[in-house]
Structure formats: C-alpha cells, structure tokens
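> fold the following.
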Amino acid sequence: MSCFIVPAIQIDPAESAASPTLHVSPSAPWLSPSPAPANPLKPSNPGPNGLPQKSTKAANKPPPLYKDRDALCRKLGIAIDDANAMNDLRDWIEHQCIRYGFTLNQQYTVWSKSDMETLGKILTTKRRVSFPDAPVLETDTVMALIHRICLDNVRNTATKHRRREARKVS
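Modelled structure (predicted):
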C-alpha cells in the first residue's frame, strides 16, 4: 500500500476511494483543525432575538413611579384613560403646594428630600381629611405626582421659551 505524501498532509489512496480522510502531520500545526476564533461583534450571551441580553438586575427593575403613568394611575385609584380625574388631582396638589410655599415650576431635585417628604406627608393627610370618600393616597405616590408635575412644568416652560426665541429670530 503506497501513500502520497504531501508536506503536512497524507492521503491514503485505498481509503480515499471509499471514504476520504485527511491526516494532518504534527509538522504543520497551521493546517490542523482549530476552534474558530470568537467573533468580537457577536454577543457572548445572545437573547432570544439574537441581541445581547441586558443584565437581569436592570431588566427586572421597574421604572420609577413618576415615569410610569399607568402604575401611577393605579396607585392613585384613577382609571388610566380618565384625564379629567388626573387633571383635577394634579390641580389640587399644585394649588396646595403653592399654599405651602412650593411653586412647582423648577426641577424636583432643587428641594431637599426631607422637605419633599414632609410636603408629601402634609398633602396626604390633608387629602384624607378633605376628601374622606376618595381613595387613600400614600406619601410616595403623592411625591411621585409632585415630581411628575415639576417635570411637566419645567418642560412646558422650556418649550414656551424656545418658541418665543424662534419667533424673535424669524
């Protein structure tokens, strides 16, 4: 039985007719089958849609209450599509905040956390006394609504300012 020897590859003619096999000699390691290099563009832990998975800690964390309108409506006891009830409650809270010296036309973080917690407790108690038949609000829910009102007011003020500046230019 004769073999054809090619540098680093040996092919046995008797075996090649039936089932071709490749024998790699140790003198040519570059021809030996090696695992494919990892693709740096492909994520190491792809999700079900092929995109990289976010960490489970961040993926399971719900958004803050002031950012989640549906959750805020549920905690306030308001139907999600009831804009009038939400506007009435926002107006009541905004007027009460003004009475206590907090005009909600600046960022929520301007005030200290203790001041906001105190204001939330006062408004929660005042709401329970003023409207005994209304759903009981928790302090954190009132604080989230105040935070949302502040964000909306700051955004609306900035938009008005941009529109005024655009009118002056044109």
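> OK, contacts around the nearest residue to residue 65 once chain neighbours are set aside?
With sequence-adjacent residues excluded and distances taken as C-beta to C-beta, 6 or more residues apart in numbering, residue 65 is closest to residue 144, at 3.9 Å. To be clear about C-beta, it is placed using only N, CA and C from the backbone, and glycine gets the same treatment. By C-beta atoms under 8 Å, 6 or more residues apart in numbering, residue 144 lies in contact with 64, 65, 66, 72, 75.
> PyMOL command for the buried members of these?
To isolate the buried members of the contacts of residue 144 in PyMOL, using 16 or more other C-beta atoms under 10 Å:
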select buried, resi 65+66+72+75
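> with distance to residue 104 and pLDDT added, can I get the contacts of residue 144 in TSV?
Below are the contacts of residue 144 laid out as TSV (distance: C-beta to C-beta, whole Å; pLDDT from 0 to 100):
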residue	distance to residue 104	pLDDT
64	17	90
65	17	90
66	13	90
72	16	92
75	19	91
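> surely residue 142 and residue 124 touch.
Yes. Counting by C-beta atoms under 8 Å, residue 142 touches residue 124, with 5.3 Å between them.
> between these two, tell me which one has more neighbours.
The neighbour count for residue 142 versus residue 124, taken as other C-beta atoms under 10 Å, is higher for residue 142 (24 against 18).
> how about the closest residue to that one other than its chain neighbours, what does it touch?
Closest residue to residue 142 apart from its sequence neighbours, by C-beta to C-beta, 6+ apart: residue 120 at 4.6 Å. Listed by C-beta under 8 Å, 6+ apart, the contact set of residue 120 reads 139, 140, 142, 143, 146.
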